[in-house]
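**Student:** Just need the structure, nothing else, for what follows:
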Amino acid sequence: MGRAARPLVVATTVGIVVNACLAIVKAVTGLITHSQALQADAVHSASDIIGSVVALVAIKIANKPPDDDHPYGHPKAEHVASLVVALLLIVVGVQLAGSAVGVLLGQAPEPPGQAALVVIVVSIVVKELLFRYKLRIGRRYGSAALMAEAWHHRSDAYSSIAALIGVAGALAGARWGIDLLLYGDALAGMFVSLVIVKVGFTLAKQSSYIMMEQVLAEEEVEKFTRTAASVAGVTRVDQLLARSHGRYVIIDIRIGVDPHITVEAGHAIGKRVKETLIATHPEVQDVLVHLNP
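**Tutor:** The predicted structure is shown next:
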């Protein structure tokens, strides 16, 4: 495993340990205090653990060097992991929504205990810190899996805020004798489930673009076109297609050259275009150049 992968592994491992502690504390407190929202939050944290384990495996695979069967390396493994995490979020969100609906359609629920509020506040702070930590490391090393994990933590923080509001409302309803507020805890659980599903769909959409090798948008490839056009001997850029391979970009380019030059001279121009693109843009891993007279 390369040096660049170690910070990613450390960050993912930290997430697994912290999420395990949070999930246990939330689940136990949720059961003791009868908080539907906190129990939903516990399931969310538990899903984070599974997502982090998937991400950890993917990061190790993605950092393997290229081989005969994978000449471009294994970076898409992280996007496979991101897609798994996304699907996991959607399934968990739907299940939580079903549980919340069951409470809302039943009799007035028992108000949660005050200990639930303390656990939720601690969870919000911890999750926001994890989000910032993993997002920073993920962006630094271009790790899609770790950035997906970061946003997973942010969704958990948002869901915990909703749970906080719901639990506080239910406690207030119990204190003032307002039955309607007692449903605040279940409503918060419903909101948590919707947040989880939305984040899952967003991550799945982003990962599917990479897996399907969708070319980058025109505004994203404009910088590559300008660089290629600036190379001596290039009369025009007829076409430039760039596609993401996880952490890096592969470019297919068709350039126009003087039709009267030799094959050797044309080859030299094509080589300069490739070398210039790779040197100017660190994210470019390989360039396939086709010459048009």
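**Student:** Would you mind checking which helix or strand in the chain has the lowest mean pLDDT?
**Tutor:** helix 179-182 (a mean of 61; mean pLDDT, DSSP states H and E).
**Student:** Just after that one, pick out the following helix or strand.
**Tutor:** helix 184-211 (DSSP states H and E).
**Student:** Now the helix of greatest length in the chain: buried residues?
**Tutor:** Taking DSSP state H as the criterion, the chain has its longest helix at helix 144-176. Residues of helix 144-176 classed as buried by neighbour count (16 or more other Cβ atoms under 10 Å): 144-171, 173-174. Bear in mind the C-beta positions are built from the backbone N, C-alpha and C, glycine included.
**Student:** Touching the helix or strand hosting Thr276 from outside, list them.
**Tutor:** Using DSSP H and E, the element containing Thr276 is helix 263-280. Under the contact criterion Cβ atoms under 8 Å, 6 or more residues apart in numbering, helix 263-280 has outside partners 224, 227-228, 230-234, 251, 253, 255, 257, 261, 284-287, 289, 291.
**Student:** okay, and for the stretch 151-293 of the chain, where does confidence drop off?
**Tutor:** 177-183, 185, 206, 208-215, 245-247 (pLDDT under 70).
**Student:** If we use 90, what do you get?
**Tutor:** 151-221, 241-250, 282-286, 293 (pLDDT under 90).
**Student:** Remind me what the helix or strand hosting Val14 packs against, helices and strands.
**Tutor:** Under DSSP H and E, the secondary-structure element containing Val14 is helix 5-33. When contacts are defined as 3 or more Cβ pairs under 8 Å, 6 or more residues apart in numbering; DSSP states H and E, helix 5-33 packs onto helix 36-62, helix 115-141, helix 144-176.
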